[in-house]
Each structure stands twice: as C-alpha cells, then as structure tokens.
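> This is the structure alone, sequence omitted:
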C-alpha cells in the first residue's frame, strides 16, 4: 500500500540483456561465453507538498569466457576468465529538506579459474586455481539544508584480491 493516495515522482525504466554462446570447433574443445547487462532507474516516490526529487540508479554486468578441453572421457580441463561490475546509487536532490543524501557504491571484479577434473573408478577428483581482484568505490554525502549541521562527506576506495588452490574428491558409494 502506498503511503498516500496520490503519489508523484515515481517513474521507472530499465533494460536488461542476457546471452549464452557456445562454439565447438572440434569434438574435444568448446568455447562458452555468458554475458549479462542490466540497468534500472527509479524516481523515489513522494507525495504532493514534499520537496524531494531523489533518484536511484542501479547497474550490473558480467562476462564469463570459458574454454573446455576434453583430453579423454576421464580427464577434462576448464579455463575461465570473468569480469563483474555492480553499481547502486541513491542521488538525493540538492534542495531536499531538511537533508539531502547521496550514497553511491560501485564494485568491479576480474579474475580467472583453472580446473582439471579426472574420473578414476568410483572417484571424481577436481583440482584447480582461482584468483580475482576487486575494487570498491563508495561515496557518501549528507547536506543539512536546514542548517542544523555541517555537511558530512566520505569517500572510500578499497581494493583486494584472492588467490586459492583447491582439491576435491567425490566418491560414489554405489
């Protein structure tokens, strides 16, 4: 239920696309591409008499490119590269009263994975390497348009990475 009978400033729009492409150049090799892009824009609803023209913008995109090579029925190698971008912004109108808030966040990931699977009798063994780097940006701003406090402003840029090796064994009892 809406907070009031008449809501204004509540439009929205967006788009999205998704694809999976597979190419088999020969019986032992396969290339896979999976990609997505999405963007949404929203006006934050308000009621007549309110002075608020806040907007929210969101975006998300990723791409995964994989090569799968079959050495035999028992041994398969998969190599993958991936990229992911995600953003969510709340942009308050500068004339919002008593405060105007801006909160913008974005993250970017890029990396890869190498995986070797082997079937030996009742065992399925998988070993691999995974690594990625991440970058985060965060901007936060509050304007006190009623004069009650000075503006609050914070900007952070963080980054990190991960490298991991793994081994997994699955044993089929029956």
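Now that the structure is in, tell me what you want to look at. Source: prediction; values computed, not measured. Numbers count the residues shown, from 1 in each chain.
> Below-threshold pLDDT in the protein: ranges please.
The chain contains residues with pLDDT under 70 at 1-9, 46-52.
> can you tell me which residues contact the residue nearest in space to the middle of the chain?
Closest to where the C-alpha atoms of the chain average out (CA atoms, centre = their mean) is residue 86, at 3.9 Å. Residue 86 makes contact with 59, 60, 106, 107, according to CB atoms under 8 Å, 6 or more residues apart in numbering. (Glycine included, C-beta is placed from N, CA and C.)
> quick one, what contacts residue 91?
54, 55, 56, 57, 102, 104.
> Now which of the residues you listed would you call buried?
54, 102, 104 (16 or more other CB atoms under 10 Å).
> Make JSON lines out of those residues and add distance to residue 164 and secondary structure.
Putting those into JSON lines (distance: CB to CB, whole Å; DSSP: H, G, I helix; E, B strand; the rest coil) gives the following:
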{"residue": "54", "distance to residue 164": "41", "secondary structure": "coil"}
{"residue": "102", "distance to residue 164": "36", "secondary structure": "strand"}
{"residue": "104", "distance to residue 164": "31", "secondary structure": "strand"}
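> Looking at these, which is nearest residue 76?
Within the buried ones among the contacts of residue 91, the smallest distance to residue 76 is 42.6 Å, found for residue 104 (CB to CB).
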